[in-house]
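Asker: Sequence unavailable; structure follows:
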């Protein structure tokens, strides 16, 4: 039995979860709210459903399990993630200087890369997410940072 064409692909649902995780991590940092509270708000108020539209502030078709996993892991590992980010950034760009959405995106990406997400998938996925949020040089910066992080992990493995 095949899936109906209106059902989102698993890849799309996972990419949308990464977009939502970036938004949730941003909200956690900006509001000082716990990840559990933000996740509950997202589930209750952001209408994670096939009929939802990003333009309405909703999240269509997200893989909810992945969203929760990324947010919880990124917050739990934030000190280690931030230590790695600081080491990857030029000295003239302290972590606090980076756009808060970009910072949330990088935290989500490194958090997943510290787990078992294959490097190339992580880079491709988070480049897609970066292009969804930014139209300037930020996606190139994401690519460079994630590639550099992957190379460091390969050397230390």
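Answerer: Perfect, thanks for sending it. Here the structure is a predicted model, which means the values were calculated and not measured.

Asker: where's the closest residue to residue 33 other than its chain neighbours, which helix or strand?
Answerer: Excluding its sequence neighbours, the residue lying closest to residue 33 (C-beta to C-beta, 6 or more residues apart in numbering) is residue 27, at 6.6 Å. Backbone N, C-alpha and C define where each C-beta goes, glycine included. If you go by DSSP states H and E, residue 27 is part of helix 10-31.

Asker: Kindly provide the whole-number mean pLDDT of that helix.
Answerer: Regarding helix 10-31, the rounded mean pLDDT is 91.

Asker: Return the list of helices and strands in contact with the lowest-mean-pLDDT helix or strand in the chain.
Answerer: Lowest by mean pLDDT, DSSP states H and E among the helices and strands of the chain is helix 35-45, with a mean of 86. Contact here means 3 or more C-beta pairs under 8 Å, 6 or more residues apart in numbering; DSSP states H and E; on that basis helix 35-45 packs against helix 10-31, helix 64-76.

Asker: Give me the residue ranges of this protein where confidence is low.
Answerer: 1-8, 10, 45-60, 157 (pLDDT under 70).
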